[in-house]
Structures are given as C-alpha cells and as structure tokens.
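**Q** Sequence first, predicted model second:
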Amino acid sequence: MQQKKGENNNSIKSFKGLVWKQGSFSYSEFHTKNGKIGKGLKCRPHEAAYVIPPFTDPHIHGGWGYDFEKNEFGPIENKLKQLGVFCAVPTISCSSLDKLKKISAWFNKYKSNRPHTIFPFLRVEGPFINPEKKGVQDEKNILFPSMKNIEEWLDIEYFKIHTFAPEIKKSDIFVKKSLQKQKVPSAGHSQSSFKEFSKLYGFGLRHMTHYPNAMSKLHHREIGLTGAGLLLEDLHLEVIADGIHNSWEFFQLLLKIKGPAFSITSDMVPSAFSKREKYPNINIDKTGRQITIKDHLLAGGATSVPEQAKMLFDHKIKPEEIIPLACLNSLEFFNLSLPEIKPGEDADFVVLNQSFEVESVYEKGKKI
C-alpha cells in the first residue's frame with residue numbers, strides 16, 4: 001500500500017482483526033495517525049485476535065508495593081496503564097477524617113500536575129460500616145453516623161463513593177445526603193437484612209461494594225444483601241472475579257441471573273505483585289494470589305482486571321460478555337465517557353491474543 005506524500009510512517013500503524021464496536025465484536029480494519037483512529041489500512045497491518053477498549057478497575061488500594069494511602073499515585077498509574085487499565089478508582093481503607101482530608105489534598109495536587117490522570121475521583125470503605133463485617137478494616141476508625149459527621153465526611157473533596165452498612169442507625173439520612181451531594185452511597189461491610197436494604201433502595205441506593213464479600217448471606221428465609229444483589233435488576237455490583245473471593249460457580253450463577261450488567265474489580269492491595277517477601281501480619285500464598293491475615297481472612301485482591309478477564313475467558317465466558325464487565329459498565333454507572341474504537345476517536349485501545357491475554361497497549365496511537 002503506497003504511503004501518501006507528507007505522511008510520517010513512524011506515526012502510522014494499521015490493525016485488522018476482531019474489533020469491539022457498538023456492543024459486539026466485528027472483523028474490521030483501521031489505522032492510527034497523530035493519536036487518532038482512522039478508517040481502513042495505511043500500511044502493513046498488525047493482525048490482532050481482539051482489539052478492545054481499555055480496562056477499568058473501580059476498586060483498587062494499590063499494588064506492586066505502592067499504596068495510595070502513602071501518596072504513591074504516580075507509580076500505580078504507570079503500572080496500571082502498562083496493563084491496559086485506563087480508568088481506576090483509588091480506594092482508601094476505613095480512616096480518620098484528618099487522614100482522608102490529607103489524602104484528598106495529595107490527590108488534588110496530583111491531578112493538577114497530571115490533568116489527564118486515569119483516576120477520576122477517590123472512594124473510601126467506611127467509616128459507617130458494621131464492626132462485625134469489618135474484614136481487615138481498622139475498627140478504631142469505624143463510626144456510627146451523626147448529623148455532624150455525615151456532613152463532615154461527605155464534604156471531603158474528591159471522595160465520591162462511601163461504603164456503608166444499611167443496618168446502621170441514621171443510614172437513611174446518610175443515603176439521602178449522599179445523593180443530594182451527588183455522591184455514591186455503596187452498601188458493603190454489612191449484615192443488613194433485605195428489608196433494611198430495601199428501605200434505602202427506595203431512596204435511591206444502587207451500588208454494592210465487592211459483592212458479595214463482607215455481606216449478609218443468602219438464606220431461603222432471609223435473602224440479605226447477597227439475595228438483594230441477585231433479585232434487584234438495577235443495582236450496580238462490583239465483583240472480584242479471581243476464583244478466590246468467589247467460586248466460579250457463583251460467578252456463572254450471577255451471570256446467568258444478571259447477564260453482563262455488573263463490573264469486575266481487583267480490590268488489589270499494596271502487597272499484590274510486590275517484590276517484598278513479607279509484610280507485617282499478612283500472609284501471601286505461594287501463588288501470590290491469596291492474601292490473608294489471621295484466621296485465613298482475605299485481606300484484599302492480588303489479581304488485576306486484565307488477568308480476571310483472561311480467567312473468565314478460560315472459564316468459557318463469552319468475549320462479548322467479558323468486555324462490558326471488564327471495561328465499560330463501571331464507566332457507564334459513574335457517567336464517565338465510554339471509549340470507542342472508531343474513526344476520529346483517540347487511539348486508546350488494547351490488543352489481546354487468541355488466549356485473551358494482553359499483547360500490547362496503545363495510548364493515542366503510541367505503544368506503551
């Protein structure tokens with residue numbers, strides 16, 4: 001194919017293969033030039049098994065030894081982009097008001113220096129959670145809601161999502177105030193009954209944190225939060241699809257009931273992928289995938305969203321179902337822009353091989 005006069009061949013790349021377009025895969029050809037996607041081929045194409053939008057991770061605490069709570073946004077962002085994750089929500093464990101304000105100030109400075117960061121806002125697990133379902137959250141930072149502290153916590157800049165327990169007193173006020181301030185109340189770390197949850201659902205509660213971990217279980221006489229997630233159609237669930245936090249049979253059941261209408265997330269913690277062999281009070285199994293504290297209590301995730309997508313593929317989940325789960329549904333819920341692989345759009349995409357593993361990542365047409 002002849003190169004047009006004035007074109008810099010180094011800036012032009014062509015691709016063909018199964019490309020994600022308008023909710024499905026179709027065989028397509030395109031090229032990239034000056035950071036944008038163009039129609040058709042301009043040079044010898046790279047033959048790709050799959051070309052997909054970048055991945056999204058709506059719940060991540062850190063990884064590779066780095067921690068958002070230590071102001072290490074930059075190194076984590078760089079690592080995530082190399083994996084093909086172009087949107088992620090830094091998540092803070094249950095913390096004091098002063099600490100959250102400090103982290104918010106760090107984030108403000110980070111966004112000022114890196115305006116096109118992949119981190120749109122922050123989220124926190126707590127402080128209005130149930131101590132009996134705290135998991136690894138620090139109990140000394142768990143609070144019961146009052147009019148004063150509800151306002152204080154919701155007024156911290158950049159924190160958009162707050163995990164709370166629906167059964168806690170004044171949780172109805174918390175939900176109403178959150179929605180008034182355009183924040184997202186998220187049910188989790190809770191022993192709520194279905195009735196207690198249903199009341200807040202009526203007020204507009206539509207989000208669940210790492211469903212169904214650290215939640216009231218499904219029973220035939222009391223379906224709890226787990227049952228609520230299965231029953232109610234317009235709840236947005238975030239699920240850790242690593243085969244450790246949930247069995248593959250449960251994931252298949254969830255997919256059969258809900259369809260690909262939820263999101264997968266990593267819940268990755270700083271010790272995930274770390275080169276350090278030991279962390280205080282934390283056990284990491286030989287695979288590096290299961291991170292626990294005492295009594296074998298899971299202490300967060302250690303499997304990235306791109307790896308989970310590959311695991312789903314290996315468990316015979318259809319590629320057409322994986323892409324909404326791993327790339328798009330969280331963006332849609334949070335009203336963030338949805339990336340599209342079509343002429344005129346930014347050339348941000350991920351190339352996967354036939355095994356659904358990440359082969360290469362492109363940002364504005366440049367291979368990362």
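**A** Received it, and whenever you're ready, just let me know what you need.
**Q** the helices in the chain, which residues?
**A** 73-83, 97-113, 147-154, 171-180, 194-203, 224-231, 248-258, 305-314, 319-323, 329-333 (DSSP state H).
**Q** can you redo these as JSON lines with distance to Ala165 and mean neighbour count?
**A** C-beta coordinates here come from the backbone N, C-alpha and C atoms, glycine included. Below are those laid out as JSON lines (distance: least, C-beta to C-beta, whole Å; neighbours: other C-beta atoms under 10 Å):
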{"stretch": "helix 73-83", "distance to Ala165": "28", "mean neighbour count": "18"}
{"stretch": "helix 97-113", "distance to Ala165": "18", "mean neighbour count": "16"}
{"stretch": "helix 147-154", "distance to Ala165": "14", "mean neighbour count": "15"}
{"stretch": "helix 171-180", "distance to Ala165": "7", "mean neighbour count": "19"}
{"stretch": "helix 194-203", "distance to Ala165": "9", "mean neighbour count": "18"}
{"stretch": "helix 224-231", "distance to Ala165": "9", "mean neighbour count": "21"}
{"stretch": "helix 248-258", "distance to Ala165": "22", "mean neighbour count": "15"}
{"stretch": "helix 305-314", "distance to Ala165": "26", "mean neighbour count": "22"}
{"stretch": "helix 319-323", "distance to Ala165": "31", "mean neighbour count": "18"}
{"stretch": "helix 329-333", "distance to Ala165": "21", "mean neighbour count": "20"}
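**Q** Could you list the low-confidence segments of the stretch 151-300 of the chain?
**A** 277-278, 280, 286, 288, 295 (pLDDT under 70).
**Q** Which parts of it are strands?
**A** 159-164, 184-187, 207-211, 236-239, 263-264, 283-284, 291-292 (DSSP state E, counting those that start in this stretch).
**Q** residue contacts, Asp234?
**A** Each residue near Asp234 by C-beta atoms under 8 Å, 6 or more residues apart in numbering is listed here: Arg206.
**Q** any idea how far Arg206 is from it?
**A** Note on Asp234: its distance to Arg206, by C-beta to C-beta, to the nearest Å, is 6 Å.
**Q** ok, now Asp285?
**A** When Asp285 is compared with Arg206 (using C-beta to C-beta), they lie 35 Å apart.
**Q** who's more crowded, those two?
**A** Arg206 (16 against 11; other C-beta atoms under 10 Å).
**Q** doesn't Glu233 make contact with that one?
**A** No: the pair Arg206 / Glu233 is not scored as a contact, 10.6 Å apart, by C-beta atoms under 8 Å.
**Q** that older thread, save the strands of the stretch 151-300 of the chain as CSV, and put in distance to Cys43 and mean neighbour count too.
**A** CSV is the format used below for those (distance: least, C-beta to C-beta, whole Å; neighbours: other C-beta under 10 Å):
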stretch, distance to Cys43, mean neighbour count
strand 159-164, 43, 24
strand 184-187, 45, 24
strand 207-211, 44, 25
strand 236-239, 41, 23
strand 263-264, 35, 28
strand 283-284, 46, 17
strand 291-292, 45, 20
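**Q** Out of those, flag the one nearest Val19.
**A** Val19 lies closest to strand 263-264 among these, at 21.5 Å (C-beta to C-beta).
**Q** Can you list the helices and strands that the closest one packs against?
**A** strand 236-239, helix 305-314, helix 329-333 (3 or more C-beta pairs under 8 Å, 6 or more residues apart in numbering; DSSP states H and E).
**Q** So which residues lie in contact with it, not counting its own?
**A** 56, 58, 236-241, 305, 308-309, 312, 325-326, 329-330, 333.
**Q** Next: stretch 22-29.
**A** Residues contacting stretch 22-29 (C-beta under 8 Å, 6+ apart): 14-19, 21, 40-41, 45, 50-51, 319-320.
**Q** Show me which of these is closest to Ser274.
**A** Tyr50 (30.0 Å).
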